[in-house]
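Trainee: Here is a sequence with its predicted model. Questions after.
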Amino acid sequence: MQIFGVDIGGSGIKGAPVDLDKGDLAQERCKVLTPHPATPDSVADGVKQVVDHFGWSGPVGLTFPGVITDGTHIRTAANVDKSWIDTDARTLFSERLGGLPVTVVNDADAAGVAEMEFGAGRDRKGVVLLLTFGTGIGSALFVDGELVPNTELGHLELDGHDAEKKASSKAKEDDGLSWEHWAHRVNKYLAHVEMLFTPSLFIIGGGVSRKADKFLPYIEGIKAEIVPAQLQNNAGIVGAAMRAAHHAK
């Protein structure tokens, strides 16, 4: 079974049809740059461009980098334009895609769902936390495989700032940090999150998951197991498609 997944991020909008039997992309993904400012209309145009690239005409699952309630209402917009707040995202995207059925889910929650089903969290019980390091820091919290949605742990305070302002991969680039120096910031963040939630497993997602060997060796003093996401930066696309398939039943 194939369903289309789209992952909306602070820097890029990427999507592809997903083979839900394998938990992998059925075709090479298409990516366009996230427009700036990332307003609802401009992002919806980018999503349409990605979906139209494949001539897709079925259900579409989309991630969004913020809190989503009732599967459609945007409550926060940290790394996109603030005009997203209170937007009815499901209606916006469905109308822009010519009436296709649309499901919208928090971006990190989507990545977490995919990793728990097909990746590093498969068959893991207890408390599992997926953290995506990208433009910001996304989080997905699972208890015995069940998602606790919209945790947004990237906005925990770290050294007087939102944690993602100091420890995201964008912060690494903006501050010109070496992998080792950045790892020390990530280490401090992980220690704080571990104190609050005592997970048995951290899954590190986002683009940096492809380069885990460059920073994970510098992480120390964390009791939980720490592993890179197996689906890497495709986890959001796969998870979005999974959620769309669930709602299509």
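Mentor: That came through, no problem.
Trainee: how close does the nearest residue to D88 once chain neighbours are set aside get to D7?
Mentor: Spatially, and ignoring its direct neighbours in sequence, D88 is nearest to T72 (5.5 Å; Cβ to Cβ, 6 or more residues apart in numbering). The C-beta positions use only the backbone N, C-alpha and C, and glycine is treated the same way. Between T72 and D7 the distance is 18 Å, computed by Cβ to Cβ, to the nearest Å.
Trainee: just A163 next, same as before
Mentor: 21 Å.
Trainee: hmm, back to that, more crowded one of T72 and D7?
Mentor: Neighbour totals were compared for T72 and D7, and D7 leads with 29 against 17 (other Cβ atoms under 10 Å).
Trainee: Excluding sequence neighbours, find me the nearest residue to the more buried one.
Mentor: Going by Cβ to Cβ, 6+ apart, D7 has G236 as its nearest residue, at 3.5 Å.
Trainee: What score does the residue nearest to D88 have for pLDDT?
Mentor: At T72, the model reports a pLDDT of 90.
Trainee: pretty sure it is in contact with L92, am I right?
Mentor: No. Here T72 does not reach L92: they are 9.0 Å apart, not a contact under Cβ atoms under 8 Å.
Trainee: Look up which residues are beta-bridged to F202.
Mentor: L129, I226 (DSSP bridges).
Trainee: contacting residues around it?
Mentor: L129, L130, L131, L190, V193, E194, I222, A224, E225, I226, V227 (Cβ atoms under 8 Å, 6 or more residues apart in numbering).
Trainee: Also G66?
Mentor: With Cβ under 8 Å, 6+ apart, G66 has these contacts: I74, R75, T76, A77, A78, V80, W84, N106.
Trainee: and the longest helix anywhere in the chain, how far from the chain's centre?
Mentor: Longest helix in the chain, counting residues (DSSP state H): helix 179-197. A distance of 19 Å separates the centroid of the chain from that of helix 179-197, by Cα atoms, centre = their mean, to the nearest Å.
Trainee: list the helices and strands that helix packs on?
Mentor: In terms of contacts (3 or more Cβ pairs under 8 Å, 6 or more residues apart in numbering; DSSP states H and E), helix 179-197 is packed against strand 127-133, strand 137-143, strand 157-158, helix 163-167, helix 169-174, strand 201-205.
Trainee: Now render the ones you listed as JSON lines, adding mean pLDDT and distance to P35.
Mentor: Listed next are the helices and strands packed on helix 179-197 as JSON lines, based on pLDDT from 0 to 100; distance: least, Cβ to Cβ, whole Å:
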{"stretch": "strand 127-133", "mean pLDDT": "97", "distance to P35": "21"}
{"stretch": "strand 137-143", "mean pLDDT": "97", "distance to P35": "20"}
{"stretch": "strand 157-158", "mean pLDDT": "90", "distance to P35": "29"}
{"stretch": "helix 163-167", "mean pLDDT": "96", "distance to P35": "21"}
{"stretch": "helix 169-174", "mean pLDDT": "96", "distance to P35": "17"}
{"stretch": "strand 201-205", "mean pLDDT": "97", "distance to P35": "24"}
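Trainee: and V18, which of these is closest to it?
Mentor: Closest approach to V18 among the helices and strands packed on helix 179-197 is made by strand 201-205 (16.5 Å; Cβ to Cβ).
Trainee: Burial check on L177, number of neighbours?
Mentor: By other Cβ under 10 Å, neighbour count at L177 equals 16.
Trainee: Many thanks, I have nothing further to ask.
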